[in-house]
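Novice: Mind looking at a prediction? Sequence and model below.
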Amino acid sequence: MAGVKALVALSFSGAIGLTFLMLGCALEDYGVYWPLFVLIFYVISPIPHFIAKRATDDSDAASSACRELAYFFTTGIVVSAFGLPIILARVAVIKWGACGLVLAGNAVIFLTILGFFLVFGRGDDFSWEQW
């Protein structure tokens, strides 16, 4: 039952993050849909973690080179997701208000992704094939 509550809370926070992103694009004052390219970063951010989890044996070692490389690539993807709207606002493709809404949406979405991995990624009886 706790897993269902966590899943509902993560779904709600994901919806709030996507709402911020849509507001940054679709409000009449902004009206430019270039910030939607951060959706690509949302999709590819967990991929290095999945590859590292599949490639390494899940032993009791505190760290492995593959896992550290996955953290490095994930950090680069997340920083790029925060950098894209700032660059777009700097070159005046989008307005700074839209940039702020997209950055707020980024923060909520990436915290939601982190929350998913913290809640569902640690259990011994959990399998990724369930989802």
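Specialist: Everything's here; your move.
Novice: only C-alpha atoms for contact and neighbour calcs from this point on.
Specialist: Fine.
Novice: Regarding the closest residue to Lys95 other than its chain neighbours, what is its secondary structure?
Specialist: Spatial nearest neighbour of Lys95, excluding adjacent residues (Cα to Cα, 6 or more residues apart in numbering): Ala89 at 5.5 Å. Three-state assignment for Ala89 (DSSP: H, G, I helix; E, B strand; the rest coil): helix.
Novice: Contact partners for Ala89?
Specialist: Contact analysis of Ala89 by Cα atoms under 8 Å, 6 or more residues apart in numbering lists 95-96, 99.
Novice: Quick one: buried ones out of those?
Specialist: Neighbour counting by 16 or more other Cα atoms under 10 Å classes 95-96, 99 among the contacts of Ala89 as buried.
Novice: residues of the host helix or strand of Thr112 that come out buried?
Specialist: Following DSSP states H and E, one finds Thr112 within helix 96-120. Buried residues in helix 96-120, defined by neighbour count with 16+ other Cα under 10 Å: 96, 98-106, 108-113, 115-116, 120.
Novice: what's the distance between the residue most central in space within the chain and Ser64?
Specialist: In the chain, the residue lying closest to the centroid (Cα atoms, centre = their mean) is Phe110, at 3.3 Å. Distance, Phe110 to Ser64, using Cα to Cα, to the nearest Å: 24 Å.
Novice: Quick check: which ranges of this structure have low pLDDT?
Specialist: Within the chain, the segments meeting pLDDT under 70 span 57-62, 122-131.
Novice: what do you get if the cut-off is 80, keeping everything else the same?
Specialist: 1-3, 56-63, 121-131 (pLDDT under 80).
Novice: Mind jotting down where the helices sit in it?
Specialist: In the chain, the segments counted as helices under DSSP state H are 2-26, 38-44, 47-55, 65-90, 96-120.
Novice: could the ones you listed go into JSON lines alongside distance to Val32?
Specialist: Shown next, in JSON lines, are those (distance: least, Cα to Cα, whole Å):
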{"stretch": "helix 2-26", "distance to Val32": "5"}
{"stretch": "helix 38-44", "distance to Val32": "13"}
{"stretch": "helix 47-55", "distance to Val32": "28"}
{"stretch": "helix 65-90", "distance to Val32": "11"}
{"stretch": "helix 96-120", "distance to Val32": "9"}
